[in-house]
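A.B. asks: Got a predicted model here, sequence first, then my questions.
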Amino acid sequence: MKRCIIDTNVMVTANKAVCYEEFPYEMEHVNVDPSDKKYFAVSNAHPTKPDIFEAADSKWWSWRDAALSCGINIHFLDEQYMCDLNTEA
């Protein structure tokens, strides 16, 4: 995995209806926590749609396909752990 630093300022617009105008419309049907929408909005607003890295919040696992459908990739620090956590009954 290549590490990169993005030194571009990204502006997002707060909006009461969806929290951020830049939040991907393709993900409106996904029950994303309002406090997490900013990460998707920032990635979506950037011209290169940088990846999002997630450590341990298992809700993000269920959002990965919807994010990928709009060009945003989510990397998990321990993907096997997240997979196991989300397949337990």
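C.D. replies: Perfect, I can see it now.
A.B. asks: The helix or strand bottoming out on mean pLDDT in the chain pairs with which strands?
C.D. replies: Of all the helices and strands that make up the chain, strand 14-15 has the lowest average by mean pLDDT, DSSP states H and E, namely a mean of 77. Next to strand 14-15 in the sheet, as set by DSSP bridges, lie strand 19-20 (antiparallel).
A.B. asks: Residue ranges in this protein under the pLDDT threshold?
C.D. replies: 1-8, 16-18, 88-89 (pLDDT under 70).
A.B. asks: How about Asn86, nearest residue that isn't a chain neighbour?
C.D. replies: Nearest residue to Asn86, sequence neighbours excluded (Cβ to Cβ, 6 or more residues apart in numbering): Trp61, at 4.7 Å. Yep, even glycine has a C-beta here, placed from its N, CA and C like the rest.
A.B. asks: Ok, Pro24 next?
C.D. replies: Per Cβ to Cβ, 6+ apart, closest to Pro24 is Cys70, 4.1 Å.
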